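Novice: The following block contains a protein sequence and its predicted model.
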There are 4 protein chains.
Amino acid sequence: MGGPMAKNLLTNGHKLLVNDVVSASVKELQNEGADVGDNPADIASKTSVIITMLPSSPNVSEVYLGKNGIIEAVQEGSLLIDSSTINPEVAKEVASKAEEKGATYLDAPVSGGVIASQNGTLSFLVGGSKTGFERAKPILECMGQNIFHCGETATGQAVKICNNLLLAISMIGTSEAMNLGQNLGLDPKLLAEVISKSTGRCWSSDLYNPCPGVLENVPSSNNYQGGFGTALMTKDLGLAQEAATGTKSATPLGSVAHQIYRIMCNRGYGHLDFSSAYKFIKEDE
Amino acid sequence: MGGPMAKNLLTNGHKLLVNDVVSASVKELQNEGADVGDNPADIASKTSVIITMLPSSPNVSEVYLGKNGIIEAVQEGSLLIDSSTINPEVAKEVASKAEEKGATYLDAPVSGGVIASQNGTLSFLVGGSKTGFERAKPILECMGQNIFHCGETATGQAVKICNNLLLAISMIGTSEAMNLGQNLGLDPKLLAEVISKSTGRCWSSDLYNPCPGVLENVPSSNNYQGGFGTALMTKDLGLAQEAATGTKSATPLGSVAHQIYRIMCNRGYGHLDFSSAYKFIKEDE
Amino acid sequence: MGGPMAKNLLTNGHKLLVNDVVSASVKELQNEGADVGDNPADIASKTSVIITMLPSSPNVSEVYLGKNGIIEAVQEGSLLIDSSTINPEVAKEVASKAEEKGATYLDAPVSGGVIASQNGTLSFLVGGSKTGFERAKPILECMGQNIFHCGETATGQAVKICNNLLLAISMIGTSEAMNLGQNLGLDPKLLAEVISKSTGRCWSSDLYNPCPGVLENVPSSNNYQGGFGTALMTKDLGLAQEAATGTKSATPLGSVAHQIYRIMCNRGYGHLDFSSAYKFIKEDE
Amino acid sequence: MGGPMAKNLLTNGHKLLVNDVVSASVKELQNEGADVGDNPADIASKTSVIITMLPSSPNVSEVYLGKNGIIEAVQEGSLLIDSSTINPEVAKEVASKAEEKGATYLDAPVSGGVIASQNGTLSFLVGGSKTGFERAKPILECMGQNIFHCGETATGQAVKICNNLLLAISMIGTSEAMNLGQNLGLDPKLLAEVISKSTGRCWSSDLYNPCPGVLENVPSSNNYQGGFGTALMTKDLGLAQEAATGTKSATPLGSVAHQIYRIMCNRGYGHLDFSSAYKFIKEDE
């Protein structure tokens, strides 16, 4: 996700200082004109706006709070924007450490997947102070279309978790409906079209249909390559589960969805797009 | 549902001959200019286009195939349109009996609920012959906005079942997300707005949000009165379950959704709109 | 199932007249001394006690009510014992047809699986009149250990459905616990032993543990060969689902269990013993 | 739980020094001859064997690692036995702090509930060193019947989590079967008796049947008073969920069970025995 986001910043005339554990990713951006930092602390000491995009909570803890991490060297007045999807509690911890150093931390997870990332049409779900949000907005607009201020620190994460909980459920629901419909003799394109104009309609059925051949240019029509991996969705549902247990919120379908994606991961679907739920549910693999 | 549909036919200049087990419903239409038939057979003997809207499969069997039923007296060449949501197997049986009498049967269940019924903006999901469909279309357009030909006999029912399966799942998913979000400190209107522009968006979140106060003029903002009753949704999920078991289709979330609405019915939510899933899931009743 | 049951009758000195669509099964019994009937009606015309063991409701309808079926030729006063697991409604229908002919029908499904069938230690769950039950009891005791009178017609099926619903759930639950325990570092034999002396104990954990190597002489220790096939369990859960929907009974875990076995069937586990739920849930196939 | 355990130690001739946040509990033991310590540290400084029984992980962290906690004052060579059900990771942390002070920590959660606690028939599931276990065994035998050594530190917690996961599932499964059976016309006592001799049998059906009137002296026959509270079972399932997500273990039924108990808590069943799942599932409350 980070690569296309960085390219959109470059395209919009921003200067970049980049770092990644994958050296190929760094080289690719270097070729496009970015400079390279030694490590997070090095970058923090040289710039006043830092954007991070990392796989999970422990990575965020390490990059911000660890040795050679951002907080170690962050300058007073810096703006820190973390676009990772992580545990809201970790976001709160990093925000508090940033504040101690006089810096502003925003949690700003994204919605839309790799394609929206490439097209600069991501949604950013931003948690943190209003002034921090206003400062970040023009930068985020280089990479995204909808920039939402969700409230205080960690509310960006909260919205992301809730959206993905619903997305995860809708995708399996769409898969069940598309599979059942075909088993009842329906043409999948017709079924998808009718649903898209009826009360069952959702993003998963309209724009990202999991049944191969219904839509072009979606992962399901490309052997579930690209898109948003099942393993990542499973991780997000783990965060939702943790948040639900912590707040004593009931999420019956979310929990079953979590388990279905978990079983999919255990059976080799982890690297396929999460719309492969259709493939998992369908009779013939 | 049948009442507003009949009124829209009257408004569009059609003459009506009506019958219902609830005499108040008949009287209401009589006041608007409809004539009254003694029973289904009586109506079948006097008209060439018949529209039925009944609660469940046994009622359809009775009204069509029972004593004083439609098939008993149907005229050759008549067009029979059944807008009930029923077991596709029953639709096939009635269609076959109609064919024996030289009549054409279409299954044409609707989507959109009472409000769409009143506004004449229903979707009709029509199964049956192409010529039957073309003949029915102008009539259905008096009552609905989207008239879909779904394929052969019973495909209208199949599409309806699939749509409502997905709708039932999305509504509970939306309820879980809206409840979790608030427990994480989010404002429900903001959450609904962001979801409506993100990948979690669905009809249940955008146009029929189950959280009271988010949208006006939806059942959730009116104590879950009006709309589509939980008992009816539970019935539709029973049909989905039957169809899924019959075709050996897996519907894991659909099955859990069925059970949740079942438990809701058992606890007094049967007459509330199905968006009361939110109320059921939330902590304080 | 029918084969070993018939052999136990022969062993106990009964004379048999047999019929099966699989000619090898007939031949095997012929070699052990059984006579062969042409078809169900032929057998019904020559004997006064008939025992049937068939795969599903439609087979029972056909063998009893179809052409050359039992009811066609049944003698007044005959005793009909059906040990198939079927829809209670079908049992009631057959019982009523038998009664019209002056014969007594008992539904008498079994519990215990192939091994109990071979050892003559089956449980028989009998529904029907008390006098019918008393007449059947000495015959059933040749094949089983526990002969229960469950009440009126179809109560044998009802008990069977309830028992297998609970069994299906317990087996998946045991599989989850055994798998989680190992992932937490526990020795599976120790875990099974402690559970067997604690509140989690159940038949699935104590006598039929789904984790290979914990018990000898169970399907899990023989690549899930033999035992009670996943496809049959899925069929029984379909009956449970139908009964639950018909009586508006909530079965949340039963429904999820049904879907899990359904997905297993769709992925090639249908012929494996149902304890292969463990294999399905575990990480490495 | 702690009260009856302490009384059984007194009965067996042990001297006790006790502490509890609930002063009435302390007073009750004082009346039976126990001495009272000021706080955990005070007790740790005066005794060499300490047994704790606390509601949840944070309480254990506080009592062992907090101010005036056990570790602060523990003597070299002391034996620390924690019978709380907690997160295995917390057990590992406390064990490591104890080891630094030269003390031995065992996790020793119990199974059997309040009744077994009173009767001295608890099961103890012990994790930690073999020598620690041998030292603890005679003490634990004053309070329990089955003392299991489950392996290294935290394996007691792991076994407890797995057992209760299965128990939670079996109880809901039993409730579904008992309710469905009655709706199908079965006598609940007969159904329970047949299941207890069939493959569906489990502790929940045989010894703790959730249907009122089937067994005497169980919570279901006493308005679900006493026993093991739904809120506590929900907490244990939260631990199971955390352990499952952490080890990427699929627990589909466990997750649904967790959600059902969660909804029960949210609807006022938290203080009822967990067998009130039957009451929750049944039609008429």
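Specialist: Looks like it came in fine.

Novice: For the closest residue to chain B within the stretch 1-150 of chain A, report the pLDDT, please.
Specialist: Residue nearest to chain B within the stretch 1-150 of chain A (CB to the nearest CB): residue A:111, separated by 4.4 Å. From N, CA and C alone the C-beta is placed, and that goes for glycine too. Note for residue A:111: predicted pLDDT of 87.

Novice: Any idea how many residues pack against it?
Specialist: Residue A:111 has 26 neighbours, counted by other CB atoms under 10 Å in any protein chain shown.

Novice: just the one 10 residues further on next, same as before
Specialist: Using other CB under 10 Å, residue A:121 has 14 other residues around it.

Novice: got the contact list for the nearest residue to it once chain neighbours are set aside?
Specialist: Of all residues beyond its chain neighbours, the one nearest residue A:121 is residue A:145 (4.5 Å), with distances taken as CB to CB, 6 or more residues apart in numbering or on different chains. Listed by CB atoms under 8 Å, 6 or more residues apart in numbering or on different chains, the contact set of residue A:145 reads A:116, A:120-123.

Novice: which residue is nearest the middle of chain A?
Specialist: In chain A, the C-alpha nearest the mean C-alpha coordinate belongs to residue A:110, at 4.8 Å (CA atoms, centre = their mean).

Novice: how many neighbours does the nearest residue to that residue once chain neighbours are set aside have?
Specialist: The shortest distance from residue A:110 to any non-neighbouring residue, by CB to CB, 6+ apart, is to residue A:122 (4.5 Å). Residues near residue A:122, counting by other CB under 10 Å, number 29.

Novice: what pairs with residue A:122 across the strands?
Specialist: Assessed by DSSP bridges, residue A:122 has beta-bridge partners residue A:144.

Novice: Next, find the distance separating it from residue A:113.
Specialist: Separation of residue A:122 from residue A:113 (CB to CB, to the nearest Å): 9 Å.

Novice: so where is chain A shaky, pLDDT-wise?
Specialist: Along chain A, segments meeting pLDDT under 70 span A:284-285.

Novice: Residue A:165 against residue B:175, yeah?
Specialist: No. Assessed by CB atoms under 8 Å, residue A:165 is found out of contact with residue B:175, at 10.9 Å.

Novice: Which two of the contacts of residue A:145 have the greatest separation?
Specialist: Across those, the longest distance by CB to CB is 11.5 Å; it joins A:120 and A:123.

Novice: which neighbours do the two share?
Specialist: Counting by CB under 8 Å, 6+ apart, the contacts common to residue A:120 and residue A:123 are A:144-145.

Novice: Tell me which of those two has more neighbours.
Specialist: Neighbour tally, residue A:120 and residue A:123, criterion other CB under 10 Å: the higher count belongs to residue A:123, 23 against 19.

Novice: Surely that one is in contact with residue A:109?
Specialist: No. The criterion here is CB under 8 Å, and residue A:123 misses it with residue A:109 at 9.3 Å.

Novice: how near is residue A:193 to chain D?
Specialist: Separation of residue A:193 from chain D (CB to the nearest CB, to the nearest Å): 33 Å.

Novice: what sits against the residue of the stretch 1-150 of chain A closest to chain B?
Specialist: The contact partners of residue A:111, taken as CB under 8 Å, 6+ apart, are A:122-123, A:125, A:160, A:163-164, B:198-199.

Novice: Tell me the one among these nearest to residue A:84.
Specialist: Nearest to residue A:84 among the contacts of residue A:111 is residue A:160, at 9.7 Å by CB to CB.

Novice: Apart from its chain neighbours, what residue comes closest to the closest one?
Specialist: Closest to residue A:160 by CB to CB, 6+ apart is residue A:109, at 4.0 Å.

Novice: what about the residue in chain A sticking out farthest from the centre, distance to chain C?
Specialist: Distance to the chain centre peaks in chain A at residue A:185, reaching 36.3 Å (criterion: CA atoms, centre = their mean). According to CB to the nearest CB, residue A:185 and chain C sit 18 Å apart.

Novice: Next: residue A:83.
Specialist: According to CB to the nearest CB, residue A:83 and chain C sit 31 Å apart.

Novice: phi, psi of that residue?
Specialist: The phi and psi values for residue A:83, taken as degrees, to the nearest 10, are phi -100, psi 10.

Novice: cool, and residue A:107?
Specialist: According to degrees, to the nearest 10, residue A:107 has phi -90, psi 130.
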